[in-house]
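S.K.: quick one, fold the following:
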Amino acid sequence: MSPEPVDQVLLRHVIVVGGSLAEWASLTDDQWSTRLAELGKVADHVGAQWLILRPYGPDGTAHAVPEHSVMVGNCLVVAQPDTDGRRRLARAIAGLQQRGAPISEATIDAEMNAPAEHDPDLVVVLAASHRMPPSLVWELAYSELVFVDSPWQHFAAQQLDEAMASYAHRHRRFGGVD
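M.R.: Next up, the predicted model:
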C-alpha cells in the first residue's frame with residue numbers, strides 16, 4: 001500500500017475502465033474472485049465505498065460476461081460488463097419512464113451511478129490519455145481521470161494504489177480552470 005495518507009482525501013466512488021469483453025470473458029470465476037478481492041482491499045483501505053470495474057468499450061465480439069460483485073470490508077466491488085455508455089444512458093431513462101419516475105438530472109444520475117450513491121470521484125482508465133472510453137458517458141462529468149499504462153491482464157492492486165495516490169495529490173477545481 002502507498003505510504004501516502006490517501007484516506008485523508010474523500011474518495012467514495014472509484015471506477016476502473018479497462019480491457020475488452022474478450023479479455024473479461026477469458027477470466028475464470030476464481031480469477032475474478034481474486035482480482036475483485038485484491039482491488040477491493042486497496043479501495044477499502046482508502047475508504048472507498050464503491051469500486052466499479054467496466055470494460056473499455058465495445059470490441060466487436062458478442063461475449064456474454066456475467067456481472068461479478070463482492071463486498072470487501074466496507075467497499076462494494078462490482079464488475080459491470082457494460083461496454084456502451086450511450087446505451088446505458090438510454091436504458092436508465094427508459095427504466096425511469098417505465099417506473100413512472102420523473103426524468104431529471106438527479107434521477108438519471110442515481111440510475112447511472114447505481115449501485116453507488118455518488119458521482120465517481122476517480123476514474124482510472126487503462127489506456128492512452130488521448131481517447132475517452134466509450135463505456136463511460138455520464139460518469140466523466142465530475143470525476144478526476146487518471147490514465148494508467150497497463151493492459152487489463154496485468155492491472156493489479158499496486159496500479160490502483162498508485163492511481164489513488166495520484167488523485168490524493170491533486171487540487172480539484174470542479175470544472176474551474178487556471
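S.K.: quick one, grab the pLDDT at S2.
M.R.: pLDDT for S2: 43.
S.K.: L27: how many residues sit nearby?
M.R.: 18 (other CB atoms under 10 Å). Every residue, glycine included, has its C-beta placed from N, CA and C.
S.K.: ok, now S33?
M.R.: Counted with other CB under 10 Å, residues neighbouring S33 total 13.
S.K.: go on, the one 3 residues further on?
M.R.: As a burial measure, the neighbour count of L36 was computed by other CB under 10 Å and equals 20.
S.K.: right, and it touches V77 too?
M.R.: Yes: between L36 and V77 there is a contact at 4.7 Å, judged by CB atoms under 8 Å.
S.K.: overlap of the contact sets of those two?
M.R.: The contact sets of L36 and V77 overlap at 53, 69-70 (CB atoms under 8 Å, 6 or more residues apart in numbering).
S.K.: can you give the distance of stretch 84-92 from its chain's centre?
M.R.: Put simply, stretch 84-92 sits 15 Å off its chain's centre (CA atoms, centre = their mean, to the nearest Å).
S.K.: and if you look at stretch 43-50?
M.R.: Put simply, stretch 43-50 sits 13 Å off its chain's centre (CA atoms, centre = their mean).
S.K.: format the CA atom coordinates belonging to that stretch as CSV.
M.R.: Output for stretch 43-50, consisting of C-alpha atoms alone and laid out as CSV, is shown next (Å, rounded to 0.1, in the frame of the first residue of the first chain):
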residue,chain,number,x,y,z
ALA,A,43,-10.2,0.7,-2.4
ASP,A,44,-11.5,-0.3,1.1
HIS,A,45,-8.1,0.8,2.6
VAL,A,46,-8.6,4.4,1.4
GLY,A,47,-12.3,4.4,2.5
ALA,A,48,-14.0,4.0,-0.9
GLN,A,49,-17.5,2.6,-0.6
TRP,A,50,-17.8,1.5,-4.2
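S.K.: what's the average pLDDT for it?
M.R.: Average pLDDT, stretch 43-50: 96.
S.K.: which residues in the protein form helices?
M.R.: Secondary structure of the chain (DSSP state H): helices at 21-25, 29-45, 85-99, 105-113, 157-168.
S.K.: next, the buried residues of the shortest one.
M.R.: When you say that, I think you mean helix 21-25. 21, 23-25 (16 or more other CB atoms under 10 Å).
S.K.: can you put those in CSV and add pLDDT?
M.R.: Shown next, in CSV, are the buried residues of helix 21-25 (pLDDT from 0 to 100):
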residue, pLDDT
L21, 91
E23, 93
W24, 94
A25, 93
